[in-house]
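# Take this sequence and fold it.
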Amino acid sequence: MPINWTTELDTGIEVIDYQHRQIVDFINQLESANLAKDKEKIKEVIDACVDYTLSHFAFEESLQEEAEYKYCKPHKKVHELFTRKVAEYQQRVSMGDDVADELHGMLSRWLVNHIKRDDADYVAAVKANMVDIIKEKTQKEETKGWLSRFFK
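Predicted coordinates:
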């Protein structure tokens, strides 16, 4: 069954929500490839999903570190455990095992639970940090504009 994005999966951080939707698209592509029994497409989708998810994790972790989120290390550990688990599935696929159904189920459950629980926990810290960064940038631009008018 495909994952349908709902607002309860939104974190309220636009870039993160976009990345999560991309991962949902990969999971849904995996289901389609599995229904078509297209082993080459299954492998292609799994590889693309893993690559994208790893870059998403790195981005998410950098936001958490910058925001000094107090559970950054445990969150990173959750990502590492998940990455190892998916790597095992990748290895099984490369050996010819049919794991698409099993992997699709695991990815679907894991992603929804991870967004609703683990990711929801860091949102406040990251949003507050983003607001501070925007405020600081705005103040610098205002000062720069004022100074350039003053010293022309």
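# Work out for me the element the residue most central in space within the chain sits within.
The centre of the chain sits closest to H56, judged by CA atoms, centre = their mean, with a distance of 4.2 Å. Element membership of H56, judged by DSSP states H and E, is helix 39-66.
# List the buried residues for that helix?
41-42, 45-46, 49-50, 53, 56-57, 60-61, 63-64 (16 or more other CB atoms under 10 Å). C-beta here means a position set from N, CA and C on the backbone, and glycine is covered the same way.
# rounded to a whole number, what's the mean pLDDT of it?
Averaging pLDDT along helix 39-66 yields 92.
# I'd like the next helix or strand past it.
Counting by DSSP H and E, what follows helix 39-66 is helix 72-94.
# tell me what that following helix is packed against?
Counting contacts by 3 or more CB pairs under 8 Å, 6 or more residues apart in numbering; DSSP states H and E, helix 72-94 packs against helix 39-66, helix 100-113, helix 120-150.
# Wait, F57 touches V78, no?
No - using CB atoms under 8 Å, F57 is not in contact with V78; the gap is 9.4 Å.
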